[in-house]
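Chemist: quick one: sequence plus predicted model below, questions after.
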Amino acid sequence: MSKSAARPGRDMVLISGGTTRMGSERFYADEGPVHERVIEPFWIDRYEVTNAEYARFVDDTGYVTVAERPLDPQDFPGANPADLVPGAMVFTPTAGPVNLAEWRNWWRWQPGAYWRAPFGPGTAASDRPEHPAVHIAYEDAAAYAAWAGARLPTEAEHEYAARGGREGAEFAWGDEPYPGGVPQANSWIGRFPYDNQGDGGTAPVGSYPANGYGLFDMIGNVWEWTSDFYAPRHILHDRIGADAGGRTNLLAATETGAGAGPTRRVLKGGSHLCSPDYCLRFRPAARSPQTEDTGMSHIGFRCARDA
């Protein structure tokens, strides 16, 4: 059950909470094991945070995102200092079929790309005010959430909210990816990564049907940050008690190989790049690891708040 929030400056929905079976055993190994979780009531944004909303935050605080900051040569031994300029990873469609095992075929490093210039110099997020803000690293999302008097959702909260009250279904709308041949979320339609018959990128938030809780784009459009640390399998709740955003975290930092590399968080919801022939992750149970210091052109976020 849910209801709209009357909160100043934010359109949020109250999710009443309940018991859910989290995860899936049908698709990718890191989505299991399926297990029961109890979700406490919480508020969550009806829409993904947009370029216009992120601009208000930056204008108010002067915040500088990770993608805009100078790179430290000590972090890139052997690199030409002239190449160490701020930027971000931008998706670039290929001219035809490529080896899908090599992600570098469709991702490029674009100097000068960040949330205000999502495709690099000469492009402007101000031309797309209602599209989700992208090139947002974890720190950037958490800073916005704190400014908004909120936090990032946990993985369990995001998955529960994304289901919209439809328990047991593989997709947020049922068991078929395109019921009646009609896409229910902004995902890749066609052959990845060169033939897209869908939106061809992000879409304005709310362009696709809301789920059963009145939430938009919980699936597709952009991957969304959660506060949970990533591990390659769900760690059952009775084994850990890590804190994330004031809530019990499904995953503990000690399970991520802390100290062995960059910290990774869980992304949820899939994106406009998810395709059945490459990445069938536009589902509530789907999850993806992302290093905290990396934003990309298909990663955004929304906020949550304790009820």
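Modeler: That came through, no problem.
Chemist: tell me which residues in stretch 82-97 are buried?
Modeler: If you call a residue buried by 16 or more other Cβ atoms under 10 Å, then stretch 82-97 has these buried ones: 86-91. Placement of C-beta: from N, CA and C, glycine included.
Chemist: and the two most separated of these?
Modeler: The distance between the two most remote of the buried residues of stretch 82-97 (Cβ to Cβ) is 18.5 Å, for 86 and 91.
Chemist: center of the protein - which residue?
Modeler: With distances taken as Cα atoms, centre = their mean, residue 224 lies nearest the centre of the chain, 1.6 Å away.
Chemist: which neighbours does the helix or strand containing that one have in its sheet, and in what orientation?
Modeler: In this structure, residue 224 is located in strand 223-229 according to DSSP states H and E. Strands adjacent to strand 223-229 in the sheet, as given by DSSP bridges, are strand 264-268 (antiparallel), strand 299-300 (parallel).
Chemist: the shortest one: what's the following helix or strand?
Modeler: Stepping forward along the backbone from strand 299-300, the first helix or strand reached (DSSP H and E) is strand 304-306.
Chemist: quick one: buried residues of that next one?
Modeler: Neighbour-count burial for strand 304-306 [16+ other Cβ under 10 Å]: 304-305.
Chemist: and if you look at stretch 125-144?
Modeler: Neighbour-count burial for stretch 125-144 [16+ other Cβ under 10 Å]: 125, 128, 130-138, 140-144.
Chemist: repeat for stretch 157-167
Modeler: Neighbour counts over stretch 157-167 (16+ other Cβ under 10 Å) mark 157-166 as buried.
Chemist: out of these, which comes closest to residue 113?
Modeler: Nearest member of the buried residues of stretch 157-167 to residue 113, counting by Cβ to Cβ, is residue 158, at 26.1 Å.
Chemist: surely that closest one meets residue 265?
Modeler: No - using Cβ atoms under 8 Å, residue 158 is not in contact with residue 265; the gap is 11.5 Å.
Chemist: any residues in contact with both of these two?
Modeler: Common neighbours of residue 158 and residue 265, using Cβ atoms under 8 Å, 6 or more residues apart in numbering, are residue 226.
Chemist: what is the rounded mean pLDDT of the strand holding residue 224?
Modeler: What strand 223-229 shows for mean pLDDT is 96.
Chemist: low pLDDT regions in the chain?
Modeler: Applying pLDDT under 70 to the chain flags residues 1-9, 236-261.
Chemist: just to revisit the earlier point, filter the buried residues of stretch 82-97 down to just the ones in strands.
Modeler: Counted as lying in strands by DSSP state E, out of those, are 87-91.
Chemist: and residue 285, how far from residue 230?
Modeler: Residue 285 sits at a distance of 15 Å from residue 230 (criterion: Cβ to Cβ, to the nearest Å).
Chemist: more neighbours, these two?
Modeler: residue 285 (24 against 21; other Cβ atoms under 10 Å).
Chemist: hang on, isn't that one packed against residue 24?
Modeler: Yes - at 3.8 Å, residue 285 counts as touching residue 24 under the criterion of Cβ under 8 Å.
Chemist: where do the contact lists of the two overlap?
Modeler: Each of 31, 170 lies in contact with both residue 285 and residue 24 under the rule Cβ under 8 Å, 6+ apart.
Chemist: name the SS class of the residue nearest to residue 96 when sequence neighbours are not counted, please.
Modeler: Spatial nearest neighbour of residue 96, chain neighbours left out: residue 194 (5.3 Å); criterion: Cβ to Cβ, 6 or more residues apart in numbering. Taking DSSP: H, G, I helix; E, B strand; the rest coil as the rule, one finds residue 194 in the coil state.
Chemist: burial count for residue 194?
Modeler: Residues within reach of residue 194, counting by other Cβ under 10 Å, total 14.
Chemist: now do the contacts for it.
Modeler: Shown in contact with residue 194 (Cβ under 8 Å, 6+ apart): 93-98.
Chemist: out of these, which comes closest to residue 42?
Modeler: Set against residue 42, the nearest of the contacts of residue 194 by Cβ to Cβ is residue 93 (37.4 Å).
Chemist: against residue 232, how distant is the closest one?
Modeler: 30 Å.
Chemist: and if you look at residue 134?
Modeler: Going from residue 134 to residue 232 by Cβ to Cβ gives 26 Å.
Chemist: same check on residue 202?
Modeler: Here residue 202 is placed at a distance of 28 Å from residue 232 (Cβ to Cβ).
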